[in-house]
Structure formats: structure tokens, C-alpha cells
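1. Build me a structure from this.
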Amino acid sequence: MPSMLTGLLLAVFVVHLAAFAVLGLRRRQAYYIALVVTFSLLSASMAMRLAAPESTVGHGVPLHDALRMLAWPAATVSIGWTLLRVRARVAARRG
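-> Numbers count the residues shown, from 1 in each chain. Predicted coordinates for the structure are as follows:
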């Protein structure tokens, strides 16, 4: 991945991380924890890709790839919570 694209993704992920962290603190809802964890891992992944692309963890897996793989379960939880929230809103509207 070109470093310019990596830098752009890092900026996008950091902005999302900051926005969801602020929303989570203001609204005091656990829902935002999964979003903050997801964007923290994605931000760390892009930062490591830029700063230390040769860093590896067990069995030679690049650290930035490991961080990105760890973001998948957090994103899955986040998407699940989002679907539950949307479903509850729709049910509340139907009354």
C-alpha cells in the first residue's frame, strides 16, 4: 500500500477514533467502546505500517497485519450492536 494512502487512512481512522471517543464520553453508552477499540486498532495498524513496517510478531506476521486482524472481532461486535440499536429504534417507532 502506498505510504500516502496509509497516511490518509491513518488520518481517517484517528478522526473517527476521536469522534467516537467524545460521543462515548458524553453519552456514557457502552456501545461506543467497540467503536473506540476498532478505530484504535486500525489507527495503530496504519501507524505501525508507516513507522515500523518491518516489525513482526509470532511466526513472522507483520505487526500492522496482526493489529488489523484484531480489529475484525471488535468491528463485528460494533456492527452487531449497531444492528440491535437500529432494530430497537424501528420497534419503538412501530410502538
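2. CA only for contacts and neighbour counts going forward, please
-> Fine.
3. any idea how far the longest helix anywhere in the chain is from the chain center?
-> Under DSSP state H, the helix in the chain containing the largest number of residues is helix 63-94. Distance of helix 63-94 from its chain centroid, counting by C-alpha atoms, centre = their mean, to the nearest Å, is 10 Å.
4. Now that helix: average pLDDT?
-> For helix 63-94, the mean per-residue pLDDT is 94.
5. Could you do stretch 37-45 as well?
-> Stretch 37-45 comes out at a mean pLDDT of 97.
6. on that earlier part again, which secondary structure elements does the longest helix of the chain contact?
-> Judged by 3 or more C-alpha pairs under 8 Å, 6 or more residues apart in numbering; DSSP states H and E, helix 63-94 is in contact with helix 31-51, strand 56-57.
7. Pull out the buried residues from it.
-> By neighbour count on 16 or more other C-alpha atoms under 10 Å, the buried set for helix 63-94 is Leu63, His64, Asp65, Leu67, Arg68, Leu70, Ala71, Ala74, Ala75, Val77, Ser78, Trp81.
8. again, but for stretch 5-21
-> Neighbour-count burial for stretch 5-21 flags Thr6, Gly7, Leu9, Leu10, Phe13, Val14, His16, Leu17, Phe20, Ala21 (criterion: 16+ other C-alpha under 10 Å).
9. Fine by me, thanks again.
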